[in-house]
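Visitor: next input, structure requested:
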Amino acid sequence: MDDWKTALQREFEMAEAARARGNEGQARVCARRAAGIALREYFRRRGIPLRSPSAYDLLQAFSRLADTPPDLQAIAAHLTVRVTEEFTLPLDVDLLEEARMLCARLLPGEFSPYR
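Guide: The predicted structure follows:
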C-alpha cells in the first residue's frame, strides 16, 4: 500500500477510535488531517504545487480551484469551520463522513474509507 494510503487509513481509524471514546473534537481533527492527506495526493497528481503542508490551507486552496464541484467546496468549507467557545461545531454535519466522501471523490478507486 502506498504511504499516503496507509496514512489516510490510519487517520480514519484514529477518528473512529476518538469518536468511540466520545472525543468528537479529536475525531474532527483526524477527519481534517485525512482530507489533507487526500488533497496532497490529489494536488500532486494534478501537478499543482503546494504552498503549505497544512490541511486547513489545502482545503482552502481546493475550494478556490475553478473546477472544484460545489458539493466538494461545501465539504471543504465545513472542514475548515472553527468550533464555538464551547468546542462544538456550529453546523449540523458529520465531518468524519464528509471527509470520507471527499477522499473517495478525490481519489476514486484508490481508497475506500468504508472498510
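
Visitor: please name the nearest non-neighbouring residue to Arg44.
Guide: Nearest residue to Arg44, sequence neighbours excluded (CB to CB, 6 or more residues apart in numbering): Leu50, at 8.0 Å. Backbone N, C-alpha and C define where each C-beta goes, glycine included.

Visitor: which residues touch the helix or strand that contains Phe62?
Guide: Assigned by DSSP states H and E, Phe62 belongs to helix 55-64. Applying CB atoms under 8 Å, 6 or more residues apart in numbering, the set of residues contacting helix 55-64 from outside is 32-33, 35-37, 39-40, 42-43, 50-52, 68, 72-73, 76-77, 79-80.

Visitor: swap the cut-off to 6 Å and go again
Guide: Outside helix 55-64, the residues that touch it by CB atoms under 6 Å, 6 or more residues apart in numbering are Arg32, Arg33, Ala35, Gly36, Leu39, Thr68, Gln73, Ala76, Leu79, Thr80.

Visitor: tell me the secondary structure for the residue nearest the centre of the chain?
Guide: Centroid-nearest residue in the chain, with CA atoms, centre = their mean: Ala35, separated by 2.0 Å. Three-state assignment for Ala35 (DSSP: H, G, I helix; E, B strand; the rest coil): helix.

Visitor: and Leu91, by the same measure?
Guide: Under the three-state scheme (three-state DSSP), Leu91 adopts coil.

Visitor: around it, count how many other residues there are.
Guide: Residues lying near Leu91 (other CB atoms under 10 Å) number 11.

Visitor: look at it and report its pLDDT.
Guide: At Leu91, the model reports a pLDDT of 81.
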